[in-house]
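J.: I'd like to go over a predicted model; first the sequence, then the structure.
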Amino acid sequence: MKITLSSENIKKVDTAVEIKVVLDLENICKYDKEILDDLNFKAKDEEVVFLVESKKIYVGCEEESYDAIAIAISAAIKKFNSTKYKDAKIEIFGEEKSTLKALVEGAILGSYVFDKYKSEKEKEGKKELIIICEDSKELQKIVEESTYIADSVNKVRNYVNTTPQDFYPEVMAKEARKVAKDNNITCKIHGEEYLEKNHMNAMLSVARASIHEPKLIHMTYKPKNATRKIILVGKGLTYDSGGLSLKPADFMVTMKSDKSGGCAVIGILNAVAKLNLPIEVHGIIGAVENMIGGDAYKPDDVLVAKNGKTIEVRNTDAEGRLVLADCLCYAQDKIKDFDYIFDYATLTGACVVGVGEYTTGIMGNNTVLKRDAVCSALNSGEYATTLPFNRFLKKTIKSEIADICNIASTRYGGAITAGLFLDNFIYEQNKEKWLHFDIAGPAFVEKAWGYNPHGGSGAGVRMTVEFLKNLA
């Protein structure tokens with residue numbers, strides 16, 4: 001969707017449709033209000049009506065917040081996109097800068113359609129939304145930045161929604177190279193030989209039964225004016241069958257989404273480069289496929305991770321943490337003097353049970369850092385909350401025969417015990433710099449919600465870009 005600003009009077013701007021975000025039912029012209037009353041329009045969130053005669057789309061909005069405005073414009077744009085009209089206009093309201101950001105991002109995110117596998121695709125031309133407000137450099141910059149962010153989210157959605165036969169580790173590496181080529185980013189791809197040479201046995205074990213070679217992807221955005229340095233590590237399970245601890249059939253469906261963490265890292269790098277943020281950002285992705293076969297790693301195996309820690313495998317479906325363990329060690333060994341290290345993963349169903357489908361669980365040892373990350377998430381339009389570590393759950397991942405076990409001895413607190421497992425691969429000097437983002441809930445949902453479609457949502461991109469903008 002093309003977004004344009006216009007400082008002309010709205011009555012002089014000639015478009016096929018006008019969009020009206022309704023915060024107050026009393027501020028509607030008398031004639032339209034009577035029709036809306038007849039249609040029982042209450043201006044609730046996502047409630048939308050198209051009055052064909054007056055060519056106006058009315059959409060409800062219950063509060064003047066980023067999320068409510070973005071959801072409202074998304075609902076209106078979906079209605080607009082269902083027509084054959086090519087352009088629409090909307091007049092800015094409320095606080096200009098925050099409203100404009102919500103309108104732009106909501107419109108672009110709400111316009112997203114994934115029809116790659118449809119035999120018949122819509123052939124509508126590109127549509128335009130004209131926003132009536134002061135056409136200043138400051139507001140133009142907001143449009144540009146918000147467009148970069150929303151486009152990066154949609155890029156991640158495309159990756160996540162692509163099926164496993166079309167998106168395996170080598171493809172993930174190619175997509176990372178494409179983003180690197182389009183931006184000021186370097187990209188190194190390491191294969192099986194490198195992993196063996198560098199003792200990344202946990203990641204290698206997960207990949208062993210797949211016909212697709214695992215790929216360790218290292219993207220680096222390094223501007224000359226960089227004042228800070230941050231590492232982002234992503235779980236890139238391009239498909240997860242559960243391994244020999246095979247998932248039930250219905251649980252295997254949607255496992256193309258297990259690459260969401262790695263995809264988010266690529267999307268974040270894309271946005272950071274487009275925004276020219278003065279921060280050095282390293283993206284490390286473990287791209288692997290977890291399959292079954294005669295060469296599959298097994299429950300009862302003991303693996304030796306890159307940092308020398310031994311891991312007793314009691315469930316091969318707890319594989320993402322094994323991949324992240326080696327990737328976290330690689331990142332800390334290769335990159336020095338960094339400010340923060342964050343990892344992103346669709347790691348546990350327990351996190352979805354605990355905080356719901358739409359919320360990211362954030363864990364770590366630094367209370368202030370966790371709070372800042374949650375604030376960045378909420379300010380960006382994503383939902384997040386913290387999950388606390390504790391000494392008693394830590395005891396549940398001890399192993400009798402190795403240093404640590406890959407699953408806990410209790411069925412409770414699974415998201416936290418997975419985070420505590422990862423904590424074993426964060427070096428002591430970096431404990432306060434690390435955060436773990438469990439995006440299992442919001443990354444992929446099989447029903448549309450707000451401006452998010454069925455499938456991939458691009459979770460993690462907006463919250464991290466917001467954090468980095470504040471850091472810069």
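T.: Happy to help now that I have it. Numbers count the residues shown, from 1 in each chain.
J.: only the buried residues of the top helix by length along the chain, if you could.
T.: With secondary structure taken from DSSP state H, the chain has its longest helix at helix 137-161. Residues of helix 137-161 classed as buried: 139, 142-143, 145-161 (neighbour count, 16 or more other CB atoms under 10 Å). Heads up, the C-betas are built off the backbone N, CA and C, glycines and all.
J.: just stretch 249-264 next, same as before
T.: By neighbour count with 16+ other CB under 10 Å, stretch 249-264 contains the buried residues 255-264.
J.: please state the offset of it from the chain centre?
T.: Put simply, stretch 249-264 sits 13 Å off its chain's centre (CA atoms, centre = their mean, to the nearest Å).
J.: what mean pLDDT does that stretch get?
T.: Stretch 249-264 shows a mean pLDDT of 97 in the predicted model.
J.: and if you look at stretch 236-243?
T.: Confidence over stretch 236-243, taken as the mean pLDDT, stands at 98.
J.: strands along the stretch 151-300 of the chain, start to end?
T.: When assigned using DSSP state E, counting those that start in this stretch, the strands of the stretch 151-300 of the chain occupy the ranges 185-190, 215-221, 228-240, 279-290.
J.: these: which one's closest to K433?
T.: Smallest distance to K433 across the strands of the stretch 151-300 of the chain (CB to CB): 8.8 Å, for strand 228-240.
J.: for that closest one, enumerate the helices and strands it packs against.
T.: In this structure, strand 228-240 packs against helix 169-182, helix 260-275, strand 279-290, helix 320-334, strand 340-345, helix 461-471, with contacts taken as 3 or more CB pairs under 8 Å, 6 or more residues apart in numbering; DSSP states H and E.
J.: close enough to count as contact, L435 and V374?
T.: No - using CB atoms under 8 Å, L435 is not in contact with V374, being 10.1 Å away.
J.: neighbour count: those two, which is higher?
T.: Neighbours per residue, other CB atoms under 10 Å: of L435 and V374, the larger number sits with L435, 21 against 18.
J.: quick check: V52 vs A72, distance?
T.: Applying CB to CB, to the nearest Å, one obtains 20 Å for the distance of V52 from A72.
J.: hmm, I was thinking of Y168
T.: For Y168, the distance to A72 equals 39 Å [CB to CB].
J.: more neighbours, those two?
T.: Under the criterion of other CB under 10 Å, the comparison of Y168 against A72 puts A72 first, with 31 against 21.
J.: state the pLDDT value of the more buried one.
T.: According to the per-residue confidence, A72 scores 97 in pLDDT.
J.: and it, what helix or strand is that in?
T.: A72 belongs to helix 66-81 when elements are defined using DSSP states H and E.
J.: which SS class is L100?
T.: Reducing the assignment at L100 to three states with DSSP: H, G, I helix; E, B strand; the rest coil gives helix.
J.: what sits against it?
T.: By CB atoms under 8 Å, 6 or more residues apart in numbering, the residues touching L100 are 92, 131, 133, 139, 142-143, 146.
J.: same thing with G354?
T.: The neighbourhood of G354, defined by CB under 8 Å, 6+ apart, consists of 361, 387, 415.
J.: any buried residues in stretch 397-408, and which?
T.: Of the residues in stretch 397-408, 397, 399, 402-408 count as buried by neighbour count, 16+ other CB under 10 Å.
J.: and it, how far out from the chain middle?
T.: Centre-to-centre, stretch 397-408 and its host chain are 31 Å apart (CA atoms, centre = their mean).
J.: swap in stretch 209-227?
T.: Distance, centroid of stretch 209-227 to centroid of chain: 17 Å (CA atoms, centre = their mean).
J.: what sits against the nearest residue to L328 once chain neighbours are set aside?
T.: Closest residue to L328 apart from its sequence neighbours, by CB to CB, 6 or more residues apart in numbering: F425 at 4.7 Å. Residues touching F425, when contacts are defined by CB under 8 Å, 6+ apart, comprise 305, 307, 309, 324-326, 328-329.
J.: so what pairs up with the closest residue to N9 other than its chain neighbours in the strands?
T.: Distances taken as CB to CB, 6+ apart put I132 closest to N9, at 7.9 Å, once the chain neighbours are dropped. I132 has these beta-bridge partners by DSSP bridges: S6, E91.
J.: list the contacts of I132.
T.: For I132, the set of contacting residues under the criterion of CB under 8 Å, 6+ apart consists of 6-10, 13, 89-92.
J.: L246: which of those is nearest?
T.: Distance to L246, by CB to CB, is smallest for I90 among these, at 50.7 Å.
J.: that closest one reaches E18, doesn't it?
T.: Yes - in this structure I90 lies within contact range of E18 using CB under 8 Å: 7.1 Å.
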